[in-house]
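> Need coordinates for the below:
(one chain, ligands or ions: 1)
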Amino acid sequence: MAEQAGKSGRTSRRTKALSAAVVGVLAVAVAVLWWGFGAGQGSSRRLGAWIDADNAALVALGREVYAAHCAACHGVDLEGEADWRVRKADGSLPAPPHDESGHTWHHADALLFEITRSGGKSVAPAGFPSGMPGFSEALSDREIAASIAFIKSRWPAEIRRRQELISRRQQVAAQAARADPARRPGPDTGLP
Ligand code: HEC
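Down below sits the predicted model:
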C-alpha cells in the first residue's frame, strides 16, 4: 500500500516534469512562429514579412486594389504584358505576369511588398530603367499587402507552398543578418 503510494507519487512527479517540458517546448515553438511570421511586430516594414492569402477580408480588399492600380500593366487576369521577357527600346522590361507562369512567386513576401511599396528602382541595380512604380503614396501599407494577398490567392496550392518556404527562409536569413551583420546576404534584386 505504502509502496504503491510511493510509486504513484514518483509517476505523477515524472508526469508533471514531462508536461512542464512539453509546455516549454510549445511556448518556444509559438514564440518562434510568432516572430518568424512577423505577427508580433507593428511597424509598417514588418507588415510585408508574411502576407496571409487565406484572410478573406484582405484578399477582397486586394482584388479591388489590384483592379484599380495593377491590372492596367499586369493584366486583369494577372497575365502580364505580351512578350514580357523581351526588353523594350529604352531597356526596360514589360510588366510580368503575376500568375504561376511568371516569377513573382519566386520571391519572398517581404520583397514583393518592398517592390510594390517603393518601386522597381528600389531593388534594381543602379541605372536599371524599371517600369514598376512605387505605391507608398497612392496606397496604405495594408492596401499594398492586400494586393499581394490577392495575387497569392490566385496561385495553385503547390506554388503557394513553395513560395511560403521561400518567404520563411528569407525571414530566417533576415533575422540572422540582424543578429550578425557580417552574415548579411548580397542584395536580392528581385528582378530577372
Ligand atoms: C505602369 C505599369 C505598372 C503598374 C501600374 C504596376 N506595375 Fe508592377 N511591374 C511593372 C513592370 C514594368 C515590372 C517589371 C519589373 C521592372 O522592370 O523593374 C513590374 C514588376 C512588379 C513586381 C516584381 C515581379 C517580379 O517577379 O520581380 C511586383 C511584385 C509588382 N510589379 C507588383 C505590382 C502591384 C502589386 C501593382 C499594383 C499595386 C503593380 N505592380 C502595378 C509595371 C507596373
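> mind listing what's buried in stretch 148-166?
For stretch 148-166, burial by neighbour count (16 or more other C-beta atoms under 10 Å) applies to 148-155, 159-160, 163-164. Just so you know, the C-beta spots here come from the backbone N, C-alpha and C atoms, and that holds for glycine as well.
> Figure out how far it is from the centre of its chain.
Computed by C-alpha atoms, centre = their mean, to the nearest Å, the chain-centroid distance of stretch 148-166 equals 9 Å.
> How is the chain divided into domains?
1-40, 43-189 (automatic domain parsing).
> and the helix or strand hosting Ala149, anywhere near the ligand?
Element membership of Ala149, judged by DSSP states H and E, is helix 141-153. Yes: using C-beta under 6 Å from any ligand atom, helix 141-153 reaches the ligand at Ser147.
> Could you list every helix and strand in contact with that helix?
helix 44-47, helix 56-69, helix 109-118 (3 or more C-beta pairs under 8 Å, 6 or more residues apart in numbering; DSSP states H and E).
> any chance of the ones you listed in JSON lines, plus distance to the ligand?
Formatted as JSON lines, the helices and strands packed on helix 141-153 follow (distance: least, C-beta to the nearest ligand atom, whole Å):
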{"stretch": "helix 44-47", "distance to the ligand": "14"}
{"stretch": "helix 56-69", "distance to the ligand": "4"}
{"stretch": "helix 109-118", "distance to the ligand": "4"}
